[in-house]
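K.L.:
pasting the structure only:
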C-alpha cells in the first residue's frame, strides 16, 4: 500500500513538532504508567484540587457568601464535609442568574476571580441553551488533558514523531464565536479552542480554522472532505457518528475523481489513530472498521477513548483495549459522585473517589476551576477500580470509570428500569446475532391501550437497511429482547410469560434519519447526538413521523 510522502519543508517542521511533543509528554507518560502512584495518591490529589479552588475563589461573591477562605484552611479530613454543608449539589439552573450577570453584563468576581471572558454554549436535545464558564484556568486544564492524550498514545505504542509528520484531523467546533461589548466571547467549546491553535501545532492541524468554525454541518463535512482528501491524515479525533459520515464522503469523493478506492486506507494509508468520545463506540465499530479497511472485524489500529464535557475534561482511557477511563484527577477539578437512586433527593449523599463502590451507579458532580461548585452534570458512571483513601488505605487501582448513561435518559414506564447502557448493549447484541448493519437508534415506551387491548411494551427505532426484511427484523427484535432480559432483572420480570410487557416493537428507519431529525431542530453536528432512550414518546414519535 503506498505511503504518502509529504513535502520536504512540511516534513522538517512537523518532525520537529513530533520531537518537541515527545519531549514534553515523556515524563508524564511514565507517570501515567505508574498505577500504584494513582492508587495511593488520587484521593489526596483531589482534596488538594478542592483546596486550591476554594482558595482561588475566596474573594468572589460566592466565595464570601460561603466563607471559602475559612474552608480552604481546614484539615484534609474536614474540608470536604464542611464544603458540602455550605453548598448543596445543584444543576445549571442554580447558577443561571449569576452566569447571566457574568456573561451578559461582564460582571467580575462573581463565581470566579476577575472577568471570565469565555462561555461555552451547550444544549441538550430537548432542553434550552446553557452557558458554561470557561476561565483561563479551565483552558489550561483542557490543555493539560490534551497533553495527556498524546502521553497515553505514546504509552499505547504510537511514535509521535512519525505521527506528526502527517496531519491530525479534528472534527469539532460548529459555531462562530460571538463577542459582546464587554469582551465576553460565547461559542462552542472546540470553537473557542480553535483560536488557541498556534504554530507549530498549526502545521499539522486540519481542517483549519475557517472550516472548523463552519456552523452548517452538511456544508462543513463536505468542505472538510474536500480539504483533507489529498492530505496525509494519520490521526482523526471526533465523535464516531460524524467521523463515519466524513469517512464515507471522503471515499465517495475519491471514487468520483476516478481513484481506485475500496476503503479509507486506500486514501489515507498512514491513518493509524482514532481519538473519540461523546457516544458509546461499540455500536459504530463494525461500520467504521468496514469503511476503514474493508473488514468489519479489523478496526483502526489504535483507538483512544475520551470523556470530555463542556464543564471540564473528566476522564480518558489509560489502558489500551480496556473500556475503563482514568479520572483526570490532577488538572484542576474536584469530583463527587451521587448514587443514582438518590439524585432526586433535596440533599443527596455524595462520595469522593475513594468512597464509591464498584457496581453502583453514580451521577457525576463537579467543582470546576471556572466557577461551578458541586455542579451536577447528569452523566451516570460505574467504577471498575477505586483508589485508596487519603491515608493510603485500601483501593485496588487508579480511579477508573465507565459512562453508562444520563440520569434523565431512562425508561421506567412499567417498572422495567432500563437505562442507556441496556439499550446500547441490546442493539449491539441484536446486530451481532443477525448480522444487521445499524446506525443511530432510540427507544421509548409504548403505553397500554385498553380500547384495543394493547399491552405496554418497548419500542426501539433503529437505522438499518437490513431490517426492512420482516424475518430479519423479527430475529433482531427477539435478540434485543433476550439481551435486555439478560442484562436487567426488572425487565425480565415484566416480560415473564408475557404477562406484563409485550415483546419489544422494532421500527426500522432509513440511514441518516436521526441526523435529519437533529437538523430539523437546529441541533445537527458538534456535541449534539440522538438520545438513546427517553421515558416519553416525544422524541421517537417525531423521529419516526419525519422518517416516513
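P.N.:
Perfect, I can see it now. On a predicted model such as this, the values are computed, not experimentally measured, just so you know.

K.L.:
What segments of the stretch 151-300 of the chain are strands?
P.N.:
Secondary structure of the stretch 151-300 of the chain (DSSP state E, counting those that start in this stretch): strands at 167-170, 178-179, 185-187, 205-206, 233-237, 273-277.

K.L.:
Please produce a markdown table containing those, extended by mean neighbour count.
P.N.:
(C-beta placed from N, C-alpha, C; glycine too.) A markdown table is the format used below for these (neighbours: other C-beta atoms under 10 Å):
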| stretch | mean neighbour count |
| --- | --- |
| strand 167-170 | 22 |
| strand 178-179 | 12 |
| strand 185-187 | 21 |
| strand 205-206 | 18 |
| strand 233-237 | 23 |
| strand 273-277 | 22 |
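
K.L.:
Any chance of CSV for these, columns distance to residue 304?
P.N.:
Converted to CSV, the strands of the stretch 151-300 of the chain look like this (distance: least, C-beta to C-beta, whole Å):
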stretch, distance to residue 304
strand 167-170, 12
strand 178-179, 32
strand 185-187, 26
strand 205-206, 18
strand 233-237, 9
strand 273-277, 5
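
K.L.:
Same list (these) but as JSON lines, adding mean pLDDT.
P.N.:
Below are the strands of the stretch 151-300 of the chain laid out as JSON lines (pLDDT from 0 to 100):
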{"stretch": "strand 167-170", "mean pLDDT": "93"}
{"stretch": "strand 178-179", "mean pLDDT": "88"}
{"stretch": "strand 185-187", "mean pLDDT": "89"}
{"stretch": "strand 205-206", "mean pLDDT": "90"}
{"stretch": "strand 233-237", "mean pLDDT": "96"}
{"stretch": "strand 273-277", "mean pLDDT": "95"}
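
K.L.:
so which of those gets nearest residue 87?
P.N.:
strand 185-187 (25.8 Å; C-beta to C-beta).

K.L.:
and residue 502, helix, strand or coil?
P.N.:
coil (DSSP: H, G, I helix; E, B strand; the rest coil).

K.L.:
what about it, neighbour count?
P.N.:
16 (other C-beta atoms under 10 Å).

K.L.:
Same question for residue 209.
P.N.:
Neighbours of residue 209 using other C-beta under 10 Å come to 13.

K.L.:
per-residue confidence at the nearest residue to it once chain neighbours are set aside?
P.N.:
Nearest-residue entry for residue 209: residue 194, 5.0 Å, with adjacent residues in sequence omitted and distances by C-beta to C-beta, 6 or more residues apart in numbering. At residue 194, the model reports a pLDDT of 72.

K.L.:
Buried residues in stretch 76-84, which are they?
P.N.:
With burial defined by 16 or more other C-beta atoms under 10 Å, the residues of stretch 76-84 counted as buried are 79, 80, 83.

K.L.:
Run through who's touching that stretch.
P.N.:
Here stretch 76-84 makes contact (C-beta atoms under 8 Å, 6 or more residues apart in numbering) with 44, 47, 50-51, 54, 71-72, 74, 336, 350, 352, 367, 374, 390.

K.L.:
Any figure for the gap between residue 414 and residue 114?
P.N.:
With distances taken as C-beta to C-beta, to the nearest Å, residue 414 is found 52 Å from residue 114.

K.L.:
which two in the contacts of stretch 76-84 are spaced the farthest apart?
P.N.:
44 and 374 (20.1 Å).

K.L.:
Go ahead and measure how far the one helix or strand residue 335 maps to is from the middle of the chain.
P.N.:
Taking DSSP states H and E as the criterion, residue 335 maps to strand 334-339. How far strand 334-339 lies from its chain's middle: 18 Å, per C-alpha atoms, centre = their mean, to the nearest Å.

K.L.:
Check stretch 502-510 too.
P.N.:
Centre to centre, stretch against its chain (C-alpha atoms, centre = their mean), the figure for stretch 502-510 is 27 Å.

K.L.:
Kindly report the same for stretch 484-498.
P.N.:
30 Å.

K.L.:
Check what contacts that stretch and list those residues.
P.N.:
414-418, 422-423, 425-426, 458, 481, 500-501, 503-504.

K.L.:
Cross those residues against strands and list the overlap.
P.N.:
418, 458 (DSSP state E).

K.L.:
Can you pick out the most distant pair from the contacts of stretch 484-498?
P.N.:
So for the contacts of stretch 484-498, where distance means C-beta to C-beta, the most widely separated pair is 425 and 500, at 21.4 Å.

K.L.:
quick one: which of these two has more around it?
P.N.:
More crowded of residue 425 and residue 500, by other C-beta under 10 Å: residue 425, with 20 against 16.

K.L.:
can you tell me which residues contact the more buried one?
P.N.:
Taking C-beta under 8 Å, 6+ apart, one finds 282, 483, 487 in contact with residue 425.

K.L.:
tell me the contacts of the second one?
P.N.:
To tie it back to what came earlier, the one meant is residue 483. 425, 426, 429, 430.

K.L.:
Any of those buried? List them.
P.N.:
Looks like these have 425, 426, 429, 430 buried, using 16+ other C-beta under 10 Å.

K.L.:
Please give the element, helix or strand, for the third one.
P.N.:
Counting by DSSP H and E, the element that carries residue 429 is helix 420-434.

K.L.:
Tell me which other helices or strands the helix or strand just after that helix touches.
P.N.:
Tracing the chain C-terminally past helix 420-434 and defining elements by DSSP H and E, one meets strand 441-446 next. With contacts taken as 3 or more C-beta pairs under 8 Å, 6 or more residues apart in numbering; DSSP states H and E, strand 441-446 sits against strand 410-411, helix 420-434, strand 457-463, helix 538-547.

K.L.:
who wins for proximity to residue 319 among the strands of the stretch 151-300 of the chain?
P.N.:
strand 273-277 (15.3 Å).

K.L.:
Quick check: neighbours of that closest one in the sheet, parallel or antiparallel?
P.N.:
strand 233-237 (parallel), strand 302-309 (parallel) (DSSP bridges).

K.L.:
List of residues touching that strand?
P.N.:
Outside strand 273-277, the residues touching it (C-beta under 8 Å, 6+ apart) are 149, 153, 158, 163, 234-240, 243, 288, 300-308.

K.L.:
Can you select the buried ones among those residues for me in ChimeraX?
P.N.:
One line in ChimeraX is enough to select the buried ones among the contacts of strand 273-277; burial here means 16+ other C-beta under 10 Å:
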select :149,153,158,163,234,235,236,237,238,239,240,243,288,300,302,303,304,305,306,307,308
